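1. please find the sequence and the predicted model below.
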Amino acid sequence: LSFRKSQQVLRKNGYLPIKRLIDMLFSVCLLIFLMPFMTLVAILIRLESPGRALFLQQRVGLDGRSFTIYKFRTMRNADDGSKAKFADKHDARVTKIGKVLRKARIDELPQLWNVIIGEMSLIGPRPEQVDLMYVIENEIPLFSLRHSIRPGITGWAQVRQGYADDISTTREKLAHDLWYVSNVSILVDISIAIRTLQVVFNGFGSR
């Protein structure tokens with residue numbers, strides 16, 4: 001793929017406007033339905049450790065524009081402005097409730113708001129940390145091609161590969177993401193949605 005070719009492929013894809021409508025409808029319904037549960041999660045986070053329930057971080061989205069992503073806080077003393085890095089497999093800062101939230105991907109639920117306001121999609125390449133992008137793009141110049149489409153709460157790379165924690169696995173993640181950019185369709189999204197439910201129950205690739 002080149003950036004020009006990726007744009008040509010996406011311009012011809014009549015599913016993308018429908019995908020945006022589906023994102024809106026599902027996200028609004030899910031947020032309303034899950035609000036009592038999410039409120040309980042926020043209370044449990046606050047009870048276990050001091051600090052706010054939500055963690056905010058700058059990520060790279062559509063066309064390389066940065067935005068603020070919302071997640072449930074899963075670490076003690078999590079600092080929104082802390083230096084960007086790949087997550088450690090056994091990070092001592094992760095709280096007890098945080099381990100559960102991460103394994104079941106519950107910490108990602110606040111991103112439904114990112115979807116509603118158009119910064120993200122339910123399904124797409126996972127948005128990377130802004131500061132990490134400088135490091136990654138020096139090693140993988142084509143990495144920015146994944147920004148041809150809205151980032152997602154879940155994606156093809158997440159259900160196929162899991163968490164990428166170094167440059168080597170990030171190259172593999174990029175291959176999955178570019179395949180998705182070239183082949184995005186309602187059938188692919190349905191497949192990813194089904195696989196995501198499986199991931200939620202088996203904890204595959206959590207970090």
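-> Now that the structure is in, tell me what you want to look at.

2. quick check, Tyr70 in a strand?
-> Yes - per DSSP: H, G, I helix; E, B strand; the rest coil, Tyr70 lies within a strand segment.

3. and the residue nearest to it when sequence neighbours are not counted, how many neighbours?
-> Excluding its sequence neighbours, the residue lying closest to Tyr70 (C-beta to C-beta, 6 or more residues apart in numbering) is Pro110, at 3.9 Å. C-beta: built from backbone N, CA, C; applies to glycine. Each residue near Pro110 was counted by other C-beta atoms under 10 Å, and the total is 22.

4. isn't Ser49 right up against Arg76?
-> Yes - applying C-beta atoms under 8 Å as the test, Ser49 and Arg76 come out as touching, 4.9 Å apart.

5. the more surrounded of those two?
-> Ranked by neighbour count (other C-beta under 10 Å), Ser49 and Arg76 place Ser49 first, with 17 against 14.

6. show me where this structure has its strands.
-> Counting by DSSP state E, residue ranges of the strands within the chain are 54-60, 66-72, 121-123, 152-154.

7. could you list the paired strands of the third one along with their orientation?
-> Looking at strand 121-123 with DSSP bridges, its paired strands and their directions are strand 152-154 (parallel).

8. from Phe72, how far off is the residue sitting furthest away from the middle of the chain?
-> In the chain, counting by C-alpha atoms, centre = their mean, Leu47 sits farthest out from the average C-alpha position, at 26.1 Å. From Leu47 across to Phe72, the span is 13 Å (C-beta to C-beta, to the nearest Å).

9. and what of Gln57?
-> Gln57 sits 12 Å away from Phe72, going by C-beta to C-beta.

10. which one's more surrounded, the two?
-> Higher neighbour count among Gln57 and Phe72: Phe72, with 22 against 19, using other C-beta under 10 Å.

11. bridged to that one, which residues?
-> Phe72 has these beta-bridge partners by DSSP bridges: Leu54.

12. state which helix of the protein is the longest.
-> If you go by DSSP state H, the chain has its longest helix at helix 15-48.

13. please work out the average pLDDT along that one.
-> The pLDDT scores in helix 15-48 average 95.

14. pop out the phi and psi values for Tyr163.
-> Phi and psi for Tyr163, reported as degrees, to the nearest 10, are phi -80, psi 130.

15. residues near it, how many?
-> Tyr163 is flanked by 17 other residues according to other C-beta under 10 Å.

16. pull up the distance across stretch 99-108, start to finish.
-> End-to-end span of stretch 99-108 (C-alpha to C-alpha, to the nearest Å): 13 Å.

17. how about stretch 98-118?
-> 27 Å.

18. buried sites along it?
-> For stretch 98-118, a neighbour-count test (16 or more other C-beta atoms under 10 Å) marks 98, 101-103, 105-112, 114-116 as buried.

19. what does that stretch rub up against?
-> The contact list for stretch 98-118 (C-beta atoms under 8 Å, 6 or more residues apart in numbering) reads 20, 23-24, 27-28, 30-31, 34, 38, 41, 45, 54, 67, 69-75, 94, 120-122, 150, 153-154, 196, 199-201, 203, 206-207.

20. can you flag the buried ones in those?
-> Taking 16+ other C-beta under 10 Å as the criterion, what is buried in the contacts of stretch 98-118 is 23, 27, 30-31, 38, 41, 45, 54, 67, 69-75, 94, 120-122, 150, 153-154, 196, 199-200, 206.
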